[in-house]
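Asker: Sharing a model prediction with you, sequence too.
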Amino acid sequence: MRSDTIKKGAARAPHRALLYSTGVSKKNIDKPFIGIASSFSDIVPGHIGMRDLERQIEKGIQSAGGQAFIFGVPAVCDGLAMGHKGMRYSLPSRDLIADCVETVTEAHQLDGLVLLSNCDKITPAMLIAAVRLNIPTVIVTAGPMLAGECRCEKTSFIKSTFEAVGKYRTGEITEEQLANLEEEACPTAGSCQGLYTANTMACLTEVLGMSLPECATSSAVSSKKRRIAFDSGYRVVELVKENLCPLDIVTKESLRNAIICDYALGGSTNSFLHLLAVAHAGDIELKLDDFEELTSKIKQIVKLDPTALPNMVDFHNAGGICGLLRVLAENIPEFNNTKGVTGKPIKDIVKNVWYSSDLIHSPNNPITTQPGLGVLYGNIAPDGCVIKISGVDESCYYFEGTAKVFDSEEESMAALENDEIKEGDVIVIRYEGPKGSPGMREMLAPTSLLVGKGLGTKAALITDGRFSGGTRGICVGHICPEAANGGNIALIENGDKIVIDIPNRKINVLVSDEVLCERKKHLPPFEIKVKKGYLAKYAKCVQDASHGAII
C-alpha cells in the first residue's frame, strides 16, 4: 500500500508515533488509509449537511476494513459570490481545491480517497484531483435541495430570486411578493434545485462512473443520500484492494458519454470548461471539436428547471441518471458501455431500471431536434464559444441585433437597470474572460434581469465571460479568444450588427475583415487588473476557455 511509506519499518517509528497521537490504534495501523476530502462549510447551502455525510462515509470505510481520515478543502457558493468581485474567485477556486486535495494526499501517502463535494466548482475540482492523483477514489456529491413553495406555487432559486428582481423592477410583482419569494426559494440544504452547474456536474460525475448509481439526483436531505455515502466509503476500500483507479474509469470513451448526456439533458455551459480541464489533468485528448462533432448527433430528451418546471428531485423520481443512461445506451450508437467505480458495465447496471417516458423522452421523440448545448464559430469567436440551446426559445434560433458594448459586468448592469437596453439589442460584455476579469465571472445577474424585464426573447447577450447553469435566453459565452488576449470581441463597436445563427452554429459581427484589422491596430495593450494575491497569479498562468481555463 502507498501508506506503507509512512508506517512500515524501524525508520518510520516517528511517523507511527504521530499517527498514534491522532488516535489510530495498533489494530488499524496496517489497514488502508483512506482520506475523506470534505468541502463542508457553514456558508454554502449545498454543503451545510456534509457533517452527517462525513460520518456515514467514515462508517463505511471502517466497516470495510479501512482507516478514515477527514480533511477539509475550500468551497465557494456561486450564488453568494454573484454580481460583485467575489465571483472572480469562483472559477479559480477549482484549481485551488484540486491542488489542496493533491497536497494532502501526496504528503500523507493515502491509499484511497472519498471526495465529498456538491457545488459549482468543487465537483470538477474533485474530478481533476482524482484523475491527477490516480489512486482509488469515489466521489460523493451531497445532492440537490428540495423545491420551496410560496402561496401554493413551487419556488426555485433562480426563478424566485434573480429573475424575480427583474419582475420587481418592471412592476410585475411588489416588494412584499419579492420578500416572500426570497424567504421560500431555498428551503433545505443542498445544491440549487434545477439543472444548474452544480447538478450538471453531479450528473456528469455519475455518468463518468466516479460516483455510485443514483448519487447525483438523490436529495441532500434524503436517507438514500446517507446510504450512498456509507456505500461509497465501503466501496473505496474494495477499490484499493482491486487497484481500480480513476484513469481506468475516466477515459476518452466515458468523457464522450458525459458530453452525450450533457447534450441530452441541456445542462450548464460550464461543463465544457470542466470536462476539458478534467481531460487535461488525465492527459486525455479532448478538444472543443469533440463537443462540436457530437452536437449534430444528440437531441435534447430531458428538460428541467430553469427552462421547465421539473426540478432535480422530479428527475430523480422519474428515473434519474440511471434512467437516462438506459435510454441512451439502448438508442444512441455513439454511447460507450464503460465501467465505473461499481466495476460493472453501464448496460448491466441500467438494463432493468425503471424510468418515466413523460420526463425522459426517447431520442425518437425528443424535446427538440437540437442538443441542449452548442458550440458556435465565426469572426467573433474563431476558437469557439458556447450557448445553452435548451434555454433559447425556438423563435430566436436566428437573431440579428445591434451591439451595445460594455467593458465590464457592472457597466452592463447599470444600463439594464436604467432601461437603456431595448428590443433588438445585443449586449456585448468583454474583458470578463479567465485572464481579463480575472477569473471569468458568471453573468447570471444581467441574464436574469434581461429575462425578468421581458427581454429574454427580444435581446441577446454575448461575453468572453461565462454563465450560470441557471441562465436562459439568447446568451452566448466563453468567446475565444477573449478580449484580454486581443480577440475580436475587443474590436466590436456600438452600432455594429451581430448575427447569432444557432442552426448553422455561427456567430458573426457584420464588419469586414479589413475594418476589423484596422481597428486592431488601435487596440491598446491589456493590463492585468489585479496586481497581487491569488488572482494576480491566476491571471498570469490561466489559458483560455477553449482549453478549459486550465492553469
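Answerer: Great, that's in hand. Numbering: from 1, shown residues only.
Asker: Relative to residue 268, how far out is residue 214?
Answerer: Residue 214 sits 21 Å away from residue 268, going by C-beta to C-beta, to the nearest Å. C-beta: built from backbone N, CA, C; applies to glycine.
Asker: Please apply the same query to residue 158.
Answerer: Going from residue 158 to residue 268 by C-beta to C-beta gives 12 Å.
Asker: Give the intersection of the neighbour lists for those two.
Answerer: Jointly contacting residue 158 and residue 268 under the rule C-beta atoms under 8 Å, 6 or more residues apart in numbering are 196, 468.
Asker: Assign residue 216 to helix, strand or coil.
Answerer: Secondary structure, DSSP: H, G, I helix; E, B strand; the rest coil: residue 216 is coil.
Asker: wait, isn't it in contact with residue 320?
Answerer: Yes - Residue 216 is within contact range of residue 320, at 6.9 Å (criterion: C-beta atoms under 8 Å).
Asker: Could you give me the buried positions within stretch 14-27?
Answerer: By 16 or more other C-beta atoms under 10 Å, the buried positions in stretch 14-27 come out as 15-16, 19, 24.
Asker: I'd like the residues you listed as CSV, with pLDDT appended.
Answerer: Listed next are those as CSV, based on pLDDT from 0 to 100:
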residue, pLDDT
15, 98
16, 97
19, 98
24, 97
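Asker: can you tell me which residues contact the spatially most central residue of the chain?
Answerer: By C-alpha atoms, centre = their mean, the chain has its centre lying nearest to residue 197, at 3.6 Å. By C-beta under 8 Å, 6+ apart, the contact set of residue 197 is 78, 120, 268, 270-271, 468-469.
Asker: And the residues you listed, which two are furthest apart?
Answerer: Pairwise distances across the contacts of residue 197 peak at 14.3 Å for 78 and 271 (criterion: C-beta to C-beta).
Asker: Just give the number of residues close to residue 486.
Answerer: 14 (other C-beta atoms under 10 Å).
Asker: ok, now the one 5 residues further on?
Answerer: Residues within reach of residue 491, counting by other C-beta under 10 Å, total 23.
Asker: And it, how far from residue 524?
Answerer: 12 Å.
Asker: now do residue 286
Answerer: 35 Å.
Asker: cool, and residue 32?
Answerer: From residue 32 to residue 524 the distance is 57 Å (C-beta to C-beta).
Asker: Please identify which of those two sits among more neighbours.
Answerer: residue 32 (24 against 6).
Asker: list the contacts for residue 422?
Answerer: Residues in contact with residue 422, defined by C-beta under 8 Å, 6+ apart, are residue 459.
Asker: per-residue confidence at it?
Answerer: Model confidence at residue 422, expressed as pLDDT, equals 96.
Asker: Wait, a helix at it?
Answerer: No - counting by three-state DSSP, residue 422 is not part of a helix but coil.
Asker: the helices in the stretch 51-200 of the chain, which residues?
Answerer: 78-81, 90-108, 122-133, 157, 163-169, 175-184, 197-208 (DSSP state H, counting those that start in this stretch).
Asker: Dump these to CSV, plus distance to residue 316.
Answerer: Formatted as CSV, these follow (distance: least, C-beta to C-beta, whole Å):
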stretch, distance to residue 316
helix 78-81, 22
helix 90-108, 26
helix 122-133, 17
helix 157, 17
helix 163-169, 24
helix 175-184, 21
helix 197-208, 10
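Asker: Can you say which of those is packed in most?
Answerer: When you average the neighbours per residue for each of the helices of the stretch 51-200 of the chain (mean count of other C-beta atoms under 10 Å), helix 197-208 leads with a mean of 30.
Asker: State the mean pLDDT of that helix.
Answerer: Averaging pLDDT along helix 197-208 yields 97.
Asker: Show me what the helix or strand that that helix is followed by is in contact with.
Answerer: Next along the chain after helix 197-208, taking DSSP states H and E as the criterion, comes helix 223-242. By C-beta under 8 Å, 6+ apart, the surrounding residues in contact with helix 223-242 are 1, 32, 34, 36, 52-53, 56-66, 68, 111-114, 116, 136-140, 142-143, 211-212, 214-215, 218-219, 245, 341-343.
Asker: For this structure, give me the ranges with low pLDDT.
Answerer: Counting by pLDDT under 70, the chain has no low-confidence residues at all.
Asker: Could I get the full set of strands for it?
Answerer: 33-38, 67-72, 112-117, 137-141, 148-150, 153-155, 374-376, 385-387, 398-406, 425-429, 460-463, 474-477, 497-501, 506-509 (DSSP state E).
Asker: Give me the contact list for the fourth one.
Answerer: Residues external to strand 137-141 that are found in contact with it (C-beta under 8 Å, 6+ apart): 53, 57, 112-118, 123, 126-127, 130, 191, 198, 201-202, 205-206, 210-212, 215-216, 228-229, 232-233, 235-236, 239, 245-246, 341.
Asker: what angle do it and helix 122-133 make?
Answerer: 180 degrees (axes from the mean of the first three to the mean of the last three C-alpha atoms, to 10 degrees).
Asker: angle of strand 137-141 against strand 33-38?
Answerer: Using the same axes, to 10 degrees, strand 137-141 lies at 20 degrees relative to strand 33-38.
Asker: now strand 137-141, how far from the centre of its chain.
Answerer: 15 Å (C-alpha atoms, centre = their mean, to the nearest Å).
Asker: now the angle between helix 90-108 and that strand, please.
Answerer: 140 degrees.
Asker: Only the buried residues of strand 137-141, if you could.
Answerer: Those would be 137-141, for strand 137-141 by 16+ other C-beta under 10 Å.
Asker: Among the residues you listed, which pair sits farthest apart?
Answerer: Using C-beta to C-beta, the two most remote members of these are 137 and 141, lying 13.3 Å apart.
Asker: and the residue nearest to residue 536 when sequence neighbours are not counted, how far is that from residue 262?
Answerer: The spatially closest residue to residue 536, leaving aside those adjacent along the chain, is residue 530, at 4.8 Å (C-beta to C-beta, 6 or more residues apart in numbering). Residue 530 is 32 Å from residue 262, where distance means C-beta to C-beta.
Asker: Comparing those two, which residue is more hemmed in?
Answerer: Using other C-beta under 10 Å, the more surrounded residue of residue 530 and residue 262 is residue 262, with 27 against 16.
Asker: what sits against the closest residue to that one other than its chain neighbours?
Answerer: Nearest residue to residue 262, sequence neighbours excluded (C-beta to C-beta, 6+ apart): residue 271, at 5.1 Å. Shown in contact with residue 271 (C-beta under 8 Å, 6+ apart): 197, 200-201, 204, 258, 262, 373.
Asker: Put together CSV for the buried residues of stretch 14-27, with distance to residue 389 on each row.
Answerer: CSV is the format used below for the buried residues of stretch 14-27 (distance: C-beta to C-beta, whole Å):
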residue, distance to residue 389
15, 55
16, 58
19, 53
24, 53
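Asker: Can you say which two of the residues you listed are spatially most distant?
Answerer: Between any two of the buried residues of stretch 14-27, the greatest separation by C-beta to C-beta is 10.9 Å, found for 15 and 24.
Asker: Would you confirm that residue 488 contacts residue 383?
Answerer: No - using C-beta under 8 Å, residue 488 is not in contact with residue 383; the gap is 10.2 Å.
Asker: Need the residues touching each of the two.
Answerer: residue 481.
Asker: out of those two, which sits in the busier spot?
Answerer: Remark: of residue 488 and residue 383, residue 488 carries more neighbours, 21 against 17, as counted by other C-beta under 10 Å.
Asker: quick one: contacts for that one?
Answerer: Listed by C-beta under 8 Å, 6+ apart, the contact set of residue 488 reads 379-382, 481, 509, 516.
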